[in-house]
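J.: need a 3D model of the sequence below.
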Amino acid sequence: LVVIAIIAILAAILFPVFARARAKAQQSSCLSNVKQLQLGLIMYAADNDTAYPPYFTGTEVWQGAIVPHVKNTQIYLCPADSSMTAYWGGSITRASYGWNNQHRPGGADPIREAAIAYPAEMLSLADANSWTIANEAQFRPAHNEGMNLSFFDGHTKWLSLQAIQGSYPESGSGVAGSAARHFWWGID
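T.: You can find the predicted model right below:
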């Protein structure tokens, strides 16, 4: 009985540690996915006269446009997102990540690299509930109350939802300072 009690106490101590380690591993894997997708977007732009793919062409969303550049469709799925399926009929239909469409509101025209004044500060991709991100409600804080983001210069990082809401409010919030304009639109 004493041995069973000791094992139960050790299990109670170690299970939360294992759960945190698993969550951190999923966050790292997701960050790698976001980085690979961002590199696919950059390669797409290099092959298309510095134009990034439109978020929707009428027949295809941005995820499908970069498939030739990423090759592995599993990177479209966050390991912490069990609700998604990546492939159907040879094209991407859903993914765990959304593309910032604030830089071209109301249209699907592609944005060119030269139009982005602050590529290191402008959001490109993030954990999302939709294939595009038009506001904070579409973010999916999948990792420790935050999400992985990529930026147009190619770097990726994790940010808490609180930091995004505090520093980079969406355009309708009335608090859009220069940091928010850089984050959403890449302009002053």
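J.: which stretches of this protein form strands?
T.: 87-88, 91-92, 97-100, 123-127, 132-133, 146-151, 156-160 (DSSP state E).
J.: could you give the angle of the longest one to strand 123-127?
T.: Looking back up the chat, that one is strand 146-151. What separates the directions of strand 146-151 and strand 123-127 is an angle of 150 degrees, with axes from the mean of the first three to the mean of the last three Cα atoms, to 10 degrees.
J.: one step back: let's have the strands of the chain in JSON lines, adding mean pLDDT, distance to Y52 and mean neighbour count.
T.: In short, each C-beta sits where N, CA and C put it, glycine included. Shown next, in JSON lines, are the strands of the chain (pLDDT from 0 to 100; distance: least, Cβ to Cβ, whole Å; neighbours: other Cβ atoms under 10 Å):
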{"stretch": "strand 87-88", "mean pLDDT": "46", "distance to Y52": "23", "mean neighbour count": "12"}
{"stretch": "strand 91-92", "mean pLDDT": "59", "distance to Y52": "16", "mean neighbour count": "18"}
{"stretch": "strand 97-100", "mean pLDDT": "88", "distance to Y52": "9", "mean neighbour count": "27"}
{"stretch": "strand 123-127", "mean pLDDT": "92", "distance to Y52": "8", "mean neighbour count": "26"}
{"stretch": "strand 132-133", "mean pLDDT": "82", "distance to Y52": "13", "mean neighbour count": "22"}
{"stretch": "strand 146-151", "mean pLDDT": "93", "distance to Y52": "12", "mean neighbour count": "24"}
{"stretch": "strand 156-160", "mean pLDDT": "93", "distance to Y52": "16", "mean neighbour count": "16"}
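J.: quick one: closest of those strands to P54.
T.: Among the strands of the chain, strand 97-100 comes nearest to P54, with 9.6 Å by Cβ to Cβ.
J.: centre-most residue in this structure?
T.: Centroid-nearest residue in the chain, with Cα atoms, centre = their mean: A126, separated by 1.8 Å.
J.: buried ones in stretch 27-45, by neighbour count?
T.: 27, 29-31, 33-42, 44-45 (16 or more other Cβ atoms under 10 Å).
J.: roughly how far does Q38 sit from A117?
T.: 18 Å (Cβ to Cβ, to the nearest Å).
J.: now R22
T.: 40 Å.
J.: any idea how far P68 is from the closest residue to the residue nearest to the centre of the chain other than its chain neighbours?
T.: Leaving aside its sequence neighbours, A126 sits nearest to L149 (Cβ to Cβ, 6 or more residues apart in numbering; 4.6 Å). Applying Cβ to Cβ, the value for L149 to P68 is 24 Å.
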